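Enquirer: give me a model of this one.
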Amino acid sequence: MQALARLSPEVRQYLIVTGNYWAFTLTDGALRMLVVLHFHSLGYTPLQIAALFLFYEVFGVVTNLIGGYLGARLGLNRTMNLGLAMQVVALLMLTVPAAWLTVPWVMGAQALSGIAKDLNKMSAKSSIKLLVPDSQQGTLYKWVTILTGSKNALKGVGFFLGGALLTLLGFAGAVLAMAAVLAVIWISSLVLLKKDLGKAKAKPKFKDILSKSQAINVLSAARLFLFGARDVWFVIALPVYLSTVFGWNFWMVGGFLACWIIGYGIVQSMAPAITGKRSGKVPDGRAAFIWAALLAALPAAIAVGLTTGASPQWVLIGGLLLFGALFAVNSSLHSYLIVSYAKEDGVSLDVGFYYMSNAMGRLIGTLLSGWVFQAYGLQACLWVSSLFVLLAAIISLRLPRHTQ
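Expert: Coordinates of the predicted model:
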């Protein structure tokens, strides 16, 4: 406690924000795995299970757009605490008797969880901008990548946590236990988080939710295609392919994807070292273009590899690991650039608009993943992925670059 007291107020607030984000992320990953495992055991097909998360993604688009406006008017502490409270309610909705767990009810709980998740993420990412001076861009880059990378690693841990809790406590018991722990985190956050963090000095108007900065508009468009490129083959097509073609059981599929996400998060945290921060450089639009261009050909190469005589398991798994590493660097670059580009006064307006594009990309990718895979197979999903990354790279050419 004494060591914590000696830290600067900014660092203490960063630790509180990060702790909130970590706790929320664990429950978010665990809840997703709980829902998938439970409804899989009830006989739902993969596409039917994916439909349960449709509102989760749809409401993420709306929440990021409106949430940024609310954060600027009310303060990021309030939107973060609101997200925590809504996640507790979403978890409690799933503790009802099994007969009440109809598809509409679960979709409603997932919609509430999706709103909560994006309120929490937007608040966490925006608050970092306010805790680091503009002159310390290297520190900003490091803090953003730590927050982003740790979040994804913990989401993978959450997958394992969900399976363990389901085995030990059953579905209702697991969800109730998570709700109780998160409620304690929420109460602590109400007490400890700085009041009016991120509240704009000038009250923003509702029309201000649409960004007027060219850099943010361009970065948001690139982000949409980047995350659409991941989810078009990763969300539905890949798990179903691993199960049906390779004959993996559900635990093998879930465990592999959880490990992939943990590794992806670790690489995200290492992005500053990979992209040259040790030499005193921070990324700009040129770096975003280069790393997207490196990624663009990889899904197509995997698709071609699956048509050769090479072992499809080695081609797909090896390609997926390389894709995860390159995609993690791209994601971290984008996460830093949006926080760097955002205005300090009303920062959540810019960050919320950007993550609205992120959610839209996930939604488009999820829908295409089910449709393209069902109609044309995994290789078609991989070709669409390459096209989307190429579009992200081309759009990134218009991002600002450092002056020499």
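Enquirer: where do the helices sit along the stretch 101-250 of the chain?
Expert: 103-131, 137-192, 214-234, 237-244, 250-269 (DSSP state H, counting those that start in this stretch).
Enquirer: list the buried residues in the first one.
Expert: Going back to what we said before, that points to helix 103-131. Under the neighbour-count criterion of 16 or more other CB atoms under 10 Å, helix 103-131 has 106-107, 109-131 buried. Every C-beta, even on glycine, is put in place using the N, C-alpha and C of the backbone.
Enquirer: next: the shortest one.
Expert: By neighbour count on 16+ other CB under 10 Å, the buried set for helix 237-244 is 237-242.
Enquirer: Serialize the residues you listed to JSON lines and add fields for pLDDT.
Expert: Formatted as JSON lines, the buried residues of helix 237-244 follow (pLDDT from 0 to 100):
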{"residue": "A237", "pLDDT": "83"}
{"residue": "L238", "pLDDT": "85"}
{"residue": "P239", "pLDDT": "80"}
{"residue": "V240", "pLDDT": "79"}
{"residue": "Y241", "pLDDT": "85"}
{"residue": "L242", "pLDDT": "84"}
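Enquirer: can you redo these as TSV with distance to F55?
Expert: Shown next, in TSV, are the buried residues of helix 237-244 (distance: CB to CB, whole Å):
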residue	distance to F55
A237	21
L238	22
P239	20
V240	21
Y241	25
L242	26
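Enquirer: relative to V96, which of those is nearest.
Expert: Of all the buried residues of helix 237-244, V96 sits closest to P239, with 27.5 Å by CB to CB.
Enquirer: my guess is that closest one contacts L257, does it?
Expert: Yes: here P239 reaches L257: they are 6.7 Å apart, a contact under CB atoms under 8 Å.
Enquirer: picking up where we left off before, which one of the helices of the stretch 101-250 of the chain lies closest to A375?
Expert: Closest to A375 of these is helix 237-244 (CB to CB; 11.1 Å).
Enquirer: point out the other helices and strands that that closest one packs with.
Expert: Helices and strands touching helix 237-244, by 3 or more CB pairs under 8 Å, 6 or more residues apart in numbering; DSSP states H and E, are helix 46-52, helix 250-269, helix 347-376, helix 378-396.
Enquirer: pLDDT of the first one, averaged?
Expert: Read it as helix 46-52. Mean pLDDT, helix 46-52: 69.
Enquirer: then stretch 282-300?
Expert: 89.
Enquirer: do the same with stretch 97-114
Expert: Stretch 97-114 comes out at a mean pLDDT of 83.
Enquirer: what's next to that stretch, contact-wise?
Expert: Stretch 97-114 is touched from outside by 28, 31, 35, 39, 51-60, 63, 86-87, 89-91, 93-94, 96, 171-172, with contacts defined as CB atoms under 8 Å, 6 or more residues apart in numbering.
Enquirer: next, give me the two most distant ones among the buried residues of helix 237-244.
Expert: Between all members of the buried residues of helix 237-244, the farthest pair (by CB to CB) comes out as A237 and L242, at 9.7 Å.
Enquirer: ok, so of the buried residues of helix 237-244, who is nearest S357?
Expert: Checking the buried residues of helix 237-244 one by one against S357 (CB to CB), the nearest turns out to be A237, at 22.3 Å.
Enquirer: any idea how far that closest one is from A109?
Expert: In this view, A237 and A109 are 25 Å apart by CB to CB, to the nearest Å.
Enquirer: which residue is nearest the centroid of this protein?
Expert: Nearest to the geometric centre of the chain sits N152, at 7.1 Å (CA atoms, centre = their mean).
Enquirer: need the contact list for that one.
Expert: 261-262, 264-265, 268, 328.
Enquirer: in JSON lines: the helices of the stretch 101-250 of the chain, plus distance to L399.
Expert: Shown next, in JSON lines, are the helices of the stretch 101-250 of the chain (distance: least, CB to CB, whole Å):
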{"stretch": "helix 103-131", "distance to L399": "18"}
{"stretch": "helix 137-192", "distance to L399": "15"}
{"stretch": "helix 214-234", "distance to L399": "6"}
{"stretch": "helix 237-244", "distance to L399": "30"}
{"stretch": "helix 250-269", "distance to L399": "20"}
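Enquirer: can you check which of those gets nearest to L363?
Expert: Across the helices of the stretch 101-250 of the chain, closest to L363 is helix 214-234 (CB to CB), at 8.4 Å.
Enquirer: buried ones in that closest one, by neighbour count?
Expert: For helix 214-234, by 16+ other CB under 10 Å, it's 215-234.
Enquirer: so where's the stretch 1-150 of the chain uncertain?
Expert: 1-11, 14, 45-47, 50, 68-69, 71-72, 125, 128-138, 143 (pLDDT under 70).
Enquirer: apologies, that question was intended for the stretch 301-404 of the chain.
Expert: Judged by pLDDT under 70, the stretches of the stretch 301-404 of the chain that qualify are 343-349, 402-404.
Enquirer: buried sites along stretch 392-404?
Expert: Applying 16+ other CB under 10 Å to stretch 392-404 flags 392-393, 395-396, 399 as buried.
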